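*Asks:* need a 3D model of the following:
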Amino acid sequence: MEKTCTLLVHFDKGTPALANEIKEALEGNDVPAKVDAMKKAIMLLLNGETIPQLFITIVRYVLPSEDHTIQKLLLLYLEIIDKTDSQGRVLPEMILICQNLRNNLQHPNEYIRGVTLRFLCRLNETEIIEPLIPSVLSNLEHRHPFVRRNAILAVMSIYKLPQGEQLLVDAPETIEKVLSTEQDPSAKRNAFLMLFTCAQERAVSYLFTHIDRILDWGEQLQMVVLELIRKVCRTNKNEKGKYIKIIISLLTAPSTAVIYECAGTLVSLSSAPTAIRAAADTYCKLLQSQSDNNVKLIVLDRLLELKSSHKEIMVEMIMDILRALSSPNVDIRRKTLDIALELITPRNVDEVVLMLKKEVVKTQGADLEKNGEYRQMLVQAIHTCAMKFPEVASTVVHVLMDFLGDTNVASAMDVVVFVREIIETNPKLRVSIITRLLDTFYQIRAARVCSCALWIIGEYCLSLSEVESGITTIKQCLGDLPFYTAAEEEEAKEAPKANQPASAVTASSRRPVVLADGTYATQSAALETAMSPPTLVQGSLASQGNLRSLLLSGDFFLGAVVACTLTKLVLRLEEVQPSKVEVNKATTQALLYMVSMIQLGQSPVLPHPIDNDAYDRIILCIRLLCNTGDESRKVWLHSCRESFVKMLADKQFRETEERKAKAQVSHAQPDDLIDFYHLKSRKGMSQLELEDEVQDDLKRATGEFTKDNDDENKLNRILQLTGFSDPVYAEAYVTVHHYDIVLDVTVINRTKETLQNLCLELATMGDLKLVERPQNYTLAPESSKQIRANIKVSSTETGVIFGNIVYETSNVLERNVVVLNDIHIDIMDYISPATCADVAFRTMWAEFEWENKVAVNTVIQDEKEFLDHIIKSTNMKCLTPQSALEGECGFLAANLYAKSVFGEDALVNVSVEKQADGKLSGYIRIRSKTQGIALSLGDKITLKQKGAA
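*Replies:* Have a look, this model is predicted:
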């Protein structure tokens, strides 16, 4: 049998000590050498060595020592040695140490008394303890608190022994007397703990006798009081009310640990609004008063739990929670905003947005680290508020538009996307937004932000003055024509050709780009040449507009967007401008700019020519302006906007569906008992107790107390480990928690013999670790045994548990082995569907270095059906909207996302094509930060992708 261990010491196996060396050192007179030898002896014993010859040496040479360190080590040695024989009887030589222990308990030095009493707490042998009881009890009245507090613990541990109540008949009464006279906080705590553990009624009686002085008790004693309250309320729910009043009084205690525990206890015991409000208020105070970021994150987690179960009460606390934004830590700010955004109501939205606006302005002034990231979070939060409550948009949109020229491109993109959505959903703000956008357009430096801003200008400039301002702004930002001179073109032609291969290599060695649908594209010339400054083009660079600078750096995708915007503005000018001369003039200038862009793209001035997509798009715009038909005009001026409106409606519909799915409906049985509180006696009940009763009744009525029976699910998790014909049959029920796996193994002896020293030996592969060492059991004929094994999990990876059952029979001397089936731990137990923004998905896709590419090999012939099968098999969420997957075109590309319990992200891109023979081909790419999740998901997909034959 494995023995219980009360002591853990790090042991360096590299240099094991020899028993003879230890013995020699112990027999000498050198105190440091003796100390060292005792430490080595303890380490060897802890690691399974048996040194029986040392005991007599220690009794002769170590026992008489007066050195305190040696006496402490002696007690540790006595703690871990075997004190009983194989039959469980105390060894006769243990009598030798009894007298020494009695002497220590009467020693003039309080340290020796204290450590000896602490040693007695770990003794289980009644024969050794019995003669020492009078000495232990006498130490309860010692002058030094260190001795008294250890004496109380010793009394508690002796009383808890199987024969403890006979050894110390009146222990609870004795300790209760000690508690009433004791002044030392630690000793009082230990005495109350003893009553709480061994005589709960006395502890409760003492608590209510001194209820007025609870606030004066020390932190340690108050923590034990809370533990007692939790235990009593679990067993006797009818008395909750009077205990809740004690907890609420403890919320004013000076110790932060106590008030944190009080809040947690209140939430677990009561659903009364007063109690929940008090707990939430306490958490908010802790959030402000504590400087440790880890504490803040833990408190925010508690608030998150409260929000999910008591949202209506948490709504009142939203401004207190938002004060946590003053912390510079990004994780705290993100968690705070996540909680606050789900607590917004029409009543508090103005106040919340005002605070968020102030925070945005603060990020502009201070030059702190991660300011751009924080600003981006604030913009997204304001965006969410404005979508839920459009009336607040007018107060923030103009402040946010100052950040369109932000150096943090992600933040600027969030602003421009927000502006694009607001201008459609709030028609009243259209004029002011367009005016402001045209005024600030020259400040925008990022190509992606320029593209989105140009689309807004092209779609929402409706009046004559707006259209003319739009055309003028674009012309100013493009600058004067031409984009380059003939002299520069000649110079570029004569440049050494030796540079060309080098630049080509540079271009091709860059990583591929992920498009919006998740597929790969070769990186555009715009990004490849962004590094080379446009030194070939004359003119004052300082005075260059933003569009001109980006065009000269080779960004022809932006050039195509400029051409489309100019086309839309000219077409709209035809509708609102009565003068044909002005329309023709604007058309001519727009055509001149487009032709100049094509010339620039085809000239040798830039190292990379214009790409085909941008070229075709600009040519289409030129043809359209030269010959405009009614159908084309309708497409360009109306259809684009209609598509955008549909996209917004689709997004809103998806969010509504997700909210409905999250709202869980509880069901109660129709014949469940409901207590009507109106008919109850209210005598002696406080308002809080009444509230608590009402809330409990409501929960019972709505089925919140009932639990779903998952017996069928349990049966799916039972794994057969051995065959039916094996002498030992074993099966395991696997329970997967977040960070550990519990195996409940049932072992059945199928033989007519007694199996001795039966041991379940397990080993693991992957990031799994066994927690305990296996124990030996004796199994009677045809009897069974339940064995539990705990395994720790440290990462999301498919792990394997394998092992065998070893046993002995009385007839055969050698050991028999039954090899067990392997248990495969499924990665699906650790990952769950999650959502993230498209921008975040692309950023992670670019950053993550582990990629697993799985070729599509399936009998499924429909692309949508195959995608649904992959989503179901991998337990992931499809980020690509349903509208983007509709229709029949023979191609499908979709992004899937999931998050593991360890916080790891799993990204999957499915790209499939239907072949002429009806079969599907393509690839599934998995990316993650760690190798384990990418490989495990790849294996899972390979295994499951074929589908039903």
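*Asks:* Three-state assignment for the closest residue to Asp740 other than its chain neighbours, please.
*Replies:* Leaving aside its sequence neighbours, Asp740 sits nearest to Lys792 (Cβ to Cβ, 6 or more residues apart in numbering; 5.2 Å). For the C-beta atoms, the positions are set from N, CA and C on the backbone; glycine is no exception. What DSSP: H, G, I helix; E, B strand; the rest coil gives for Lys792 is strand.
*Asks:* what pLDDT is listed against Lys680?
*Replies:* With respect to pLDDT, Lys680 has a value of 54.
*Asks:* with Ala280 instead?
*Replies:* pLDDT, Ala280: 90.
*Asks:* I'd say it and Leu303 touch.
*Replies:* Yes: counting by Cβ atoms under 8 Å, Ala280 touches Leu303, with 7.0 Å between them.
*Asks:* list the residues that contact both of the two?
*Replies:* Listed as contacting both Ala280 and Leu303 by Cβ atoms under 8 Å, 6 or more residues apart in numbering are 314, 317.
*Asks:* thinking again about what came up before, is the residue nearest to Asp740 bridged to anything, and to what?
*Replies:* Listed by DSSP bridges, the beta-bridge partners for Lys792 are Asp740, Lys769.
*Asks:* so it makes contact with Val742?
*Replies:* No: contact criterion Cβ under 8 Å: Lys792 and Val742 do not qualify, at 10.8 Å.
*Asks:* phi, psi for Ala33 please.
*Replies:* Dihedral pair for Ala33: phi -70, psi -40, per degrees, to the nearest 10.
*Asks:* number of residues surrounding Ser135?
*Replies:* 20 (other Cβ atoms under 10 Å).
*Asks:* find the nearest non-adjacent residue to it, please.
*Replies:* Leu105 (3.8 Å).
*Asks:* contact partners for that neighbour?
*Replies:* Each residue near Leu105 by Cβ under 8 Å, 6+ apart is listed here: 113, 116-117, 132, 135-136, 138-139.
*Asks:* now with 7 Å, please.
*Replies:* Residues counted as contacts of Leu105 (Cβ atoms under 7 Å, 6 or more residues apart in numbering) are 113, 116, 132, 135-136, 139.
*Asks:* distance of Thr435 from Leu269?
*Replies:* Distance, Thr435 to Leu269, by Cβ to Cβ, to the nearest Å: 58 Å.
*Asks:* who has more neighbours, these two?
*Replies:* Leu269 (20 against 13).
*Asks:* now the helix or strand hosting Phe119: buried residues?
*Replies:* Per DSSP states H and E: Phe119 is located in helix 110-120. Buried residues in helix 110-120, counted by 16 or more other Cβ atoms under 10 Å: 110, 112-120.
*Asks:* same check on stretch 45-64?
*Replies:* Buried positions in stretch 45-64, judged by neighbour count with 16+ other Cβ under 10 Å: 45-46, 51, 54-55, 57-58, 61-63.
*Asks:* if we can go back for a sec, pLDDT on the helix or strand following the helix holding Phe119, on average?
*Replies:* Sequence order places helix 126-129 as the next helix or strand after helix 110-120, per DSSP H and E. Averaging the model's pLDDT scores along helix 126-129 yields 83.
*Asks:* returning to that earlier point: in JSON lines, list the buried residues of stretch 45-64 along with distance to Leu943.
*Replies:* Output for the buried residues of stretch 45-64, formatted as JSON lines (distance: Cβ to Cβ, whole Å):
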{"residue": "Leu45", "distance to Leu943": "49"}
{"residue": "Leu46", "distance to Leu943": "45"}
{"residue": "Ile51", "distance to Leu943": "53"}
{"residue": "Leu54", "distance to Leu943": "57"}
{"residue": "Phe55", "distance to Leu943": "59"}
{"residue": "Thr57", "distance to Leu943": "62"}
{"residue": "Ile58", "distance to Leu943": "60"}
{"residue": "Tyr61", "distance to Leu943": "66"}
{"residue": "Val62", "distance to Leu943": "63"}
{"residue": "Leu63", "distance to Leu943": "65"}
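*Asks:* out of the residues you listed, which is nearest to Asp85?
*Replies:* Phe55 (13.6 Å; Cβ to Cβ).
*Asks:* test my guess that that closest one contacts Met94.
*Replies:* No: distance between Phe55 and Met94: 9.5 Å, which falls outside the contact criterion (Cβ atoms under 7 Å).
*Asks:* what's in contact with the helix holding Phe119?
*Replies:* Contact with helix 110-120 is made by 68, 71-72, 75, 78-79, 101, 104-105, 107, 129, 132, 136, 139, 142, 144, 146-147, 150-151, 154, as judged by Cβ under 7 Å, 6+ apart.
*Asks:* what of stretch 830-849?
*Replies:* 410, 413, 514, 516, 796, 875-877, 879, 895, 897-901, 905-907, 927-929.
*Asks:* let's see that with 6 Å instead.
*Replies:* Applying Cβ atoms under 6 Å, 6 or more residues apart in numbering, the external contacts of stretch 830-849 come out as 514, 796, 875-877, 895, 897-901, 905-907, 927-929.
*Asks:* same thing with stretch 452-470?
*Replies:* Stretch 452-470 has contacts (Cβ under 6 Å, 6+ apart) with 416, 420, 423, 430, 434, 438, 444, 561, 565, 568-569, 572-573, 576-577, 641.
*Asks:* buried ones in whichever strand or helix holds Met314, by neighbour count?
*Replies:* Following DSSP H and E, the helix or strand that holds Met314 is helix 311-314. For helix 311-314, burial by neighbour count (16+ other Cβ under 10 Å) applies to 313-314.
*Asks:* any idea which helix or strand comes after that helix?
*Replies:* Counting by DSSP H and E, what follows helix 311-314 is helix 318-322.
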